[in-house]
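**Student:** Generate a structure from the sequence data that follows.
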Amino acid sequence: MNVDAHDDPGETAPRSILRFERLLVGDQWRRDVCVEVGEDGRIASLAPAEIGAGSERVAGWTVPGVPNVHSHAFQRAMAGLAEGGGGTDRRASSFWRWREVMYEFLRRLSPDDVEAVAAQAYVEMLKAGFTCVGEFHYLHHPPGGGTYDDEAETSRRILRAADTAGIGLVHMPVVYETGGFGGEPLRGGQLRFRMDLEGVRRLLEGLERDIGRPGDAQAGRRRLGWAVHSLRAVSRESFDRIADFVGSRESGLQSPVHIHVAEQEREVRECLAARGARPVEWLLDNAPVDERWCLVHATHVDDAEVREIAARGAVVGLCPTTEANLGDGLFPLGRFVGCGGRFGIGTDSHVSRSPAEELRVLEYGQRLTLRTRSVLGRTADQEGALAGAGGALLDRAWQDGAQALGWDGGRAAAGCRADFVVLDSDHPALVGRDGHAVLDSWVFSGTDNPVSHVFVGGVRVIEDGRHAREEEVARAFRESARRLGRIRSPSGA
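**Tutor:** Numbers count the residues shown, from 1 in each chain. All right, here's what the predicted structure looks like:
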């Protein structure tokens, strides 16, 4: 049985051979598969394991690693700090109150903290089954809006945190120019975010030299994209220049472009008042949105916008636990997928760091709204590991998430990244399961984590549920979190 042989096995020299007891290839579970991994961290070939092969056999159910399309790593340390208010005071319990807490939190966040908190978040992601992360990075400057000696100081701290954890990273510096749709100047906590298009270009050029250093063993785990914070944070004049900045598909520029859009109803009202169109409508009319773009949240969209996003081939980046935590609302997933729409999942503010939990909350929100079950799942009598609801959700998270990050992963195939998650077949959530029930049970059987091993680029970074640098990372995080957790209530809240 030739599972998926490479056309030219000598093209990439094998670095290692992984032998999996069960591996998800396409929509089928294959037994005893050997995966050759090249020096570049990609799969050189897949073939049946030979009797007596010297490679270690990895027991369990092995699936592709899940891409995390949207992260603000620093927010891992503020999870739980903005849950005050409530009752009849809508402002005290709104997204905008949460934002005020974030600004206060940022008053003491140092580059050391950025690195420590990000490393903790990334280790937790790996342990839960994420193998690469899109870091939507707008924390460019010191408190008060000054400058670091190195303009890329905090970006390089993110790269170092990813190296410490061993996670794949797509680092996306963010354009952030204005404080509202009217072009209001940045103030207060927003001053740390200031960056125009040319500033992002400079950052990318400097970071490209770091990422592409010859002989850097981490290089294959890093790549760059860029982001626009939101319509309210970027001037119309800059949007007029984005087409030239992004380039055309024909130019060969494939860097992902991400943007927050239509997360809050107030945002929709303000956009209508200032620009005469709904946020997604305005974006589609004024930016070269195509399959390289990821529209993060896109919660409040009408039918025409749903159809047009799908037609453009863009990915919607859904962050279900954050969207639930902030009371954003629910994206119309069923209608979008029915139009051929693509979506990935992210952890955003990190109230969860688990792909299973993100997908479970996503599906349950849709079920509650539509009063039906298995919004994406196919009928149970269909064959294949992806036939159930869990498999259907994961399939989109793998494929569309990889597209959103420009990441060559999300499937076990020659030429793709050797990013794998191994699920413990003896875990209470999975024991006795087979076929599509394995993936259904991973997503829908509760919060206990059945992930036993994780490989990124063929390197085992989680073994028996543990990370080799877990204690060191946790110590640094605790030092930062103890100090950062003592924030005062913002004035006027």
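
**Student:** Strands of the stretch 251-400 of the chain, start to end?
**Tutor:** Ranges of strands in the stretch 251-400 of the chain, per DSSP state E, counting those that start in this stretch, are 257-261, 293-297, 315-318, 342-345.

**Student:** Quick one: mean pLDDT for the first one?
**Tutor:** Confidence over strand 257-261, taken as the mean pLDDT, stands at 98.

**Student:** returning to that earlier point: how about the strands of the stretch 251-400 of the chain in a markdown table, adding distance to residue 422 and mean neighbour count?
**Tutor:** All C-beta atoms are positioned from the backbone trio N, CA, C, and that covers glycine. Formatted as a markdown table, the strands of the stretch 251-400 of the chain follow (distance: least, C-beta to C-beta, whole Å; neighbours: other C-beta atoms under 10 Å):
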| stretch | distance to residue 422 | mean neighbour count |
| --- | --- | --- |
| strand 257-261 | 29 | 27 |
| strand 293-297 | 28 | 28 |
| strand 315-318 | 26 | 29 |
| strand 342-345 | 20 | 26 |
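
**Student:** between these, which gets nearest to residue 126?
**Tutor:** Of all the strands of the stretch 251-400 of the chain, it is strand 342-345 that lies closest to residue 126, at 15.7 Å by C-beta to C-beta.

**Student:** Direction included, what does that closest one pair against?
**Tutor:** If you go by DSSP bridges, strand 342-345 pairs up with strand 315-318 (parallel).

**Student:** What ranges does this structure have for its helices?
**Tutor:** 95-105, 111-128, 153-165, 197-211, 236-246, 265-275, 279-286, 303-312, 320-325, 333-338, 355-370, 389-405, 437-444, 470-484 (DSSP state H).

**Student:** Can you mark which positions in the second one are buried?
**Tutor:** Across helix 111-128, burial judged by 16 or more other C-beta atoms under 10 Å covers 111, 113-128.

**Student:** For stretch 180-194, buried residues please.
**Tutor:** 181, 186, 189-194.

**Student:** nope, stretch 34-46 is what I was after
**Tutor:** By 16+ other C-beta under 10 Å, the buried positions in stretch 34-46 come out as 34-38, 40-46.

**Student:** Straight-line length of that stretch, end to end?
**Tutor:** One end of stretch 34-46 sits 6 Å from the other (C-alpha to C-alpha, to the nearest Å).

**Student:** pLDDT (mean, whole number) over that stretch?
**Tutor:** Mean predicted confidence for stretch 34-46 is 95.

**Student:** likewise stretch 275-283?
**Tutor:** Averaging pLDDT along stretch 275-283 gives 98.

**Student:** What are the contacting residues of that stretch?
**Tutor:** 181, 231, 236, 259, 261-262, 267-268, 271-272, 285, 289, 295, 298, 300-302, 304-305, 308-309 (C-beta atoms under 8 Å, 6 or more residues apart in numbering).

**Student:** Contacts only, for residue 464.
**Tutor:** By C-beta under 8 Å, 6+ apart, residue 464 lies in contact with 452-453.

**Student:** do the same with residue 207
**Tutor:** 152, 155-156, 159, 171, 173, 224.

**Student:** which one of those is nearest residue 351?
**Tutor:** residue 171 (22.3 Å).

**Student:** Determine which two of the contacts of residue 207 are furthest apart.
**Tutor:** By the measure C-beta to C-beta, 156 and 224 form the most distant pair in the contacts of residue 207, at 12.5 Å.

**Student:** so residue 45 makes contact with residue 36?
**Tutor:** Yes: using C-beta atoms under 8 Å, residue 45 is in contact with residue 36, at 4.7 Å.

**Student:** Let me have the buried residues of stretch 180-194 in a markdown table, extended by distance to residue 474 and pLDDT.
**Tutor:** Formatted as a markdown table, the buried residues of stretch 180-194 follow (distance: C-beta to C-beta, whole Å; pLDDT from 0 to 100):
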| residue | distance to residue 474 | pLDDT |
| --- | --- | --- |
| 181 | 42 | 96 |
| 186 | 34 | 96 |
| 189 | 27 | 91 |
| 190 | 31 | 94 |
| 191 | 31 | 96 |
| 192 | 26 | 97 |
| 193 | 28 | 97 |
| 194 | 33 | 97 |
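
**Student:** tell me the two of these that are most distant?
**Tutor:** Across the buried residues of stretch 180-194, the longest distance by C-beta to C-beta is 20.7 Å; it joins 181 and 192.

**Student:** about what we covered before: between the strands of the stretch 251-400 of the chain, which one is closest to residue 369.
**Tutor:** strand 315-318 (14.0 Å).

**Student:** Other residues contacting that closest one?
**Tutor:** 69-70, 134, 258, 291, 293-298, 309, 331, 333, 336, 341-346, 358, 362, 400-401, 403-404.

**Student:** Would you mind splitting this protein into its domains for me?
**Tutor:** 14-64+411-471, 66-405 (automatic domain parsing).

**Student:** Work out the gap between the first one and the centre of the chain.
**Tutor:** The one in question is domain 14-64+411-471. Mean-position distance between domain 14-64+411-471 and its chain equals 20 Å (C-alpha atoms, centre = their mean, to the nearest Å).

**Student:** How about the last one?
**Tutor:** Averaging C-alpha positions (C-alpha atoms, centre = their mean) puts domain 66-405 7 Å from its chain's average.

**Student:** Span of it from start to end?
**Tutor:** End to end - C-alpha to C-alpha - domain 66-405 spans 11 Å.

**Student:** follow-up on the earlier one: among the helices of the chain, which is nearest residue 78?
**Tutor:** That would be helix 95-105 among the helices of the chain, by C-beta to C-beta, at 4.7 Å.

**Student:** now the closest one: mean pLDDT?
**Tutor:** Averaged over helix 95-105, pLDDT sits at 87.

**Student:** buried set for that helix?
**Tutor:** 95, 97-98, 100-105.

**Student:** then it to CSV, C-alphas only?
**Tutor:** Extracted C-alpha coordinates of helix 95-105, given in CSV (Å, rounded to 0.1, in the frame of the first residue of the first chain):
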residue,chain,number,x,y,z
PHE,A,95,-16.8,45.1,25.1
TRP,A,96,-15.8,48.7,25.4
ARG,A,97,-15.4,48.4,29.2
TRP,A,98,-13.2,45.3,28.6
ARG,A,99,-11.1,47.5,26.3
GLU,A,100,-10.6,50.0,29.1
VAL,A,101,-9.3,47.2,31.3
MET,A,102,-6.9,46.2,28.6
TYR,A,103,-5.5,49.7,28.3
GLU,A,104,-4.9,49.8,32.0
PHE,A,105,-3.3,46.4,31.9
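
**Student:** if we can go back for a sec, ok, which pair from the buried residues of stretch 34-46 is furthest apart?
**Tutor:** Farthest pair in the buried residues of stretch 34-46 (C-beta to C-beta) is 34 and 40. Separation: 18.2 Å.
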